[in-house]
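Student: Pasted the sequence and its predicted model underneath.
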Amino acid sequence: MRVFVFILIAYLLGSIPSGLWIGKIFYHVNLREHGSGNTGTTNTFRILGAKAGITTFVIDALKGTIATCLPALFGVSVNPLLFGFFAIIGHTFPIFAGFKGGKAVATSAGVLLGYSPIFLIFLLIIFGIVLYLYSMISLASVAAASVGIIGVLVFPACHFILTSYDPLFMIITLAIATLIIVRHRENLSRIRQKKENIVPFGLNLSHQKPVK
């Protein structure tokens, strides 16, 4: 019963639609009606600016970190990834926003921060490299998720970053990474059409020309 209560708390934490609420309360803007219509960090940056975008990213990441730390904070003998996973589910399908949430990148990063910060740093490096080369947050997110899948399958065998196989960590990472990739399917379609949104820096090696 106690575990169920903390799973519910983790889900509700994840369900806080920070970008949507920040837009409505402080900017009187409904993010669902602008840009991609997504309420996550990227669209918040694009529509509301850097201050709102950074705030949204921090809150969304903290949702994952706090949920992952619940067992340590309250002495619950359960793998913390279980709670982190439900925070991600909450972020993706938030009860406070009609079950239409973000793409889980920031909250997933927060979960990794609470569970395996070195692995997170490695994936952030991959994210940063791809972002600089191709100027697309979407592609960088998909690349980091894909490398995450490879990492949990291969790294323990090589004793690189992850020193041993953790079945739950592997299953949840595979599930989260797959979710991130699936949630970016529209972005991947636009990338193939050379119409994906880009950030105002980097090399844009794939020569995207987003529709204004």
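Tutor: The structure has been received and is ready for your questions.
Student: Name the nearest residue to the residue most central in space within the chain, ignoring sequence neighbours.
Tutor: A centroid search over the chain (Cα atoms, centre = their mean) returns Val105, at 1.1 Å, as the residue closest to the centre. Using Cβ to Cβ, 6 or more residues apart in numbering and skipping residues adjacent in sequence, the residue nearest Val105 is Ser141, 4.8 Å away. Every C-beta, even on glycine, is put in place using the N, C-alpha and C of the backbone.
Student: was I right about the residue nearest to the centre of the chain contacting Thr41?
Tutor: Yes - using Cβ atoms under 8 Å, Val105 makes contact with Thr41 at a distance of 7.2 Å.
Student: pLDDT weak spots in the protein?
Tutor: Within the chain, the ranges that satisfy pLDDT under 70 run 212.
Student: ok, back up a step: separation between the residue nearest to Val105 and Cys69?
Tutor: 24 Å (Cβ to Cβ, to the nearest Å).
Student: Show me which of these two is the more surrounded one.
Tutor: Remark: of Ser141 and Cys69, Ser141 carries more neighbours, 28 against 17, as counted by other Cβ atoms under 10 Å.
Student: just to revisit the earlier point, and for the helix or strand hosting the residue nearest to Val105, what are the contacting residues?
Tutor: For Ser141, the host element (DSSP states H and E) is helix 137-158. With contact meaning Cβ atoms under 8 Å, 6 or more residues apart in numbering, helix 137-158 is reached by 42, 103, 105, 119, 122-124, 126-128, 130-131, 134, 161-165, 169-170, 173-174, 176-178, 180-181, 184, 187-188, 191, 196-197, 199, 206.
Student: Now restrict those to buried residues only.
Tutor: 42, 103, 105, 119, 122-123, 126-127, 130-131, 134, 162, 169-170, 173, 176-177, 180-181, 184, 187, 191, 196-197, 199 (16 or more other Cβ atoms under 10 Å).
Student: Show me how this structure divides into domains.
Tutor: 1-115, 117-212 (automatic domain parsing).
Student: Of the ones you listed, flag the one that's most buried.
Tutor: domain 1-115 (a mean of 20; mean count of other Cβ atoms under 10 Å).
Student: For that domain, measure first residue to last.
Tutor: Domain 1-115 has an end-to-end distance of 24 Å (Cα to Cα, to the nearest Å).
Student: quick one, what contacts Leu48?
Tutor: 19, 22-23, 27, 29, 31.
Student: so where do the helices sit in the protein?
Tutor: 2-14, 18-26, 41-48, 50-74, 80-92, 105-115, 117-134, 137-158, 167-183, 185-192 (DSSP state H).
Student: Output the contacting helices and strands for the longest one.
Tutor: In this case it means helix 50-74. helix 2-14, helix 18-26, helix 41-48, helix 80-92, helix 105-115 (3 or more Cβ pairs under 8 Å, 6 or more residues apart in numbering; DSSP states H and E).
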